[in-house]
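> turn this into a structure:
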Amino acid sequence: MDKNEINVLDELNKGACMGMDAIHFVLDKVEDEKLKNVLKE
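This is a model prediction of the structure:
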């Protein structure tokens with residue numbers, strides 16, 4: 001694996017982690033049960 005591939009995978013990982021953190025942050029504030037279930041999946 002070359003350095004560019006490693007950098008791309010690192011950025012993808014950072015984006016995925018940021019997305020998971022955002023979902024956990026809003027999950028406590030969501031009142032709609034259907035949306036809450038989708039976010040938990």
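
> and the helix or strand in which I6 is found, what does it pack onto?
For I6, the host element (DSSP states H and E) is helix 3-27. If contacts are counted by 3 or more Cβ pairs under 8 Å, 6 or more residues apart in numbering; DSSP states H and E, helix 3-27 sits against helix 33-40. For glycine as for every other residue, the C-beta is placed from the backbone atoms N, C-alpha and C.

> identify the residues contacting the helix it packs on?
Residues from elsewhere that reach helix 33-40 (Cβ atoms under 8 Å, 6 or more residues apart in numbering): I23, V26, L27, V30.

> now do 7 Å
For helix 33-40, contacts defined as Cβ atoms under 7 Å, 6 or more residues apart in numbering pick out I23, L27, V30.

> mind listing what the second one touches?
Taking Cβ under 7 Å, 6+ apart as the contact definition, L27 lies against K36, L39.

> let me know the pLDDT of it.
As predicted, L27 sits at a pLDDT of 93.

> repeat that for the first one.
According to the model's per-residue confidence, I23 sits at a pLDDT of 95.

> re the thing from before, let's have the contacts of helix 33-40 in TSV, adding distance to V38.
Shown next, in TSV, are the contacts of helix 33-40 (distance: Cβ to Cβ, whole Å):
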residue	distance to V38
I23	10
L27	10
V30	9
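
> can you name the residues that contact I23?
Going by Cβ under 7 Å, 6+ apart, I23 touches L39.

> follow-up on the earlier one: list just the nearest of the contacts of helix 33-40 to A16.
Closest approach between the contacts of helix 33-40 and A16, by Cβ to Cβ: I23, at 10.7 Å.
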